[in-house]
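Asker: Return a 3D structure for these sequence lines:
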Amino acid sequence: MKVLVIDVQKGITDERLFNFEGFIQNTQKIIDTARKNNVEVIYVQHDDGPGTGFSIGDRDFEIADQVAPQSGEKIFYKTINTCFGNKELVEYLESSTKDNTLMVIGLQTNFCIDATVKSAFERGYTVIIPEGTNSTFDNDYMDRETTYKYYNNMMWPERFAQCVSMDAAVEMLRKAKP
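Answerer: Below you'll find the predicted structure:
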């Protein structure tokens, strides 16, 4: 098993997110539990390109301090919604993921998390989504809470991912074999 921490970047990690405090606490708990149990934590950052304010070298592009990587943890960049758009990440996962299980956490539920969940599923990965470890903003069609619930309670379960409680996710990490 590996934990993918997707797009938890300074420019979008703030109180505008659904259940912001809970999201940060749950995300920290998953990362800390993974590290304590020798489960690899991999970070992915979204790059909108030079001049956007959300690109390599920009403050908003940096990983949020609350979930910052430790020395030696891998960081990959992407320019499209799915993490699988980064060929180096794809090659790394193919060569190093023994049990084909990915725990996916991060931002935003209805963009990069959804695209990564579905891409991972199509590639044969078992995808685990711990409750409260993804979030998003209000949009023109749904408020942030409705959007979160739509994906986590209706779209992904029994189709693309196993959406599990925090307790179940922590237990999975404790039992994972590095």
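Asker: Below-threshold pLDDT in the chain: ranges please.
Answerer: Counting by pLDDT under 70, the chain contains low-confidence ranges at 178.
Asker: same thing but 90
Answerer: Counting by pLDDT under 90, the ranges of the chain that qualify are 96-99, 177-178.
Asker: hey, where'd the strands end up in it?
Answerer: 2-6, 40-46, 75-78, 101-107, 126-130, 134-135, 162-164 (DSSP state E).
Asker: from these, which stretch is densest packed?
Answerer: Of the strands of the chain, the one with the most neighbours on average (mean count of other Cβ atoms under 10 Å) is strand 134-135, at a mean of 30. Glycine gets a C-beta too; all of them are placed from N, C-alpha and C.
Asker: can you map out the helices along the chain?
Answerer: 20-36, 87-96, 114-122, 144-149, 166-175 (DSSP state H).
Asker: Pretty sure Pro69 sits against Glu62.
Answerer: No - at 10.7 Å, Pro69 does not count as touching Glu62 under the criterion of Cβ atoms under 8 Å.
Asker: ok, and what's touching stretch 75-90?
Answerer: Residues outside stretch 75-90 that contact it (Cβ atoms under 8 Å, 6 or more residues apart in numbering) are 4, 6, 42-49, 56, 63, 69, 92, 111-112, 114-116, 118-120, 123.
Asker: now do stretch 116-123
Answerer: Applying Cβ under 8 Å, 6+ apart, the contact partners of stretch 116-123 are 4, 6, 81-84, 102, 104, 127, 129, 156, 159-161.
Asker: Reformat the strands of the chain as a markdown table; add distance to Lys175.
Answerer: Output for the strands of the chain, formatted as a markdown table (distance: least, Cβ to Cβ, whole Å):
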| stretch | distance to Lys175 |
| --- | --- |
| strand 2-6 | 14 |
| strand 40-46 | 15 |
| strand 75-78 | 26 |
| strand 101-107 | 11 |
| strand 126-130 | 12 |
| strand 134-135 | 22 |
| strand 162-164 | 13 |
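Asker: how about the ones you listed, which one is nearest Asn19?
Answerer: When the strands of the chain are compared by Cβ to Cβ, strand 134-135 sits nearest Asn19, at 6.3 Å.
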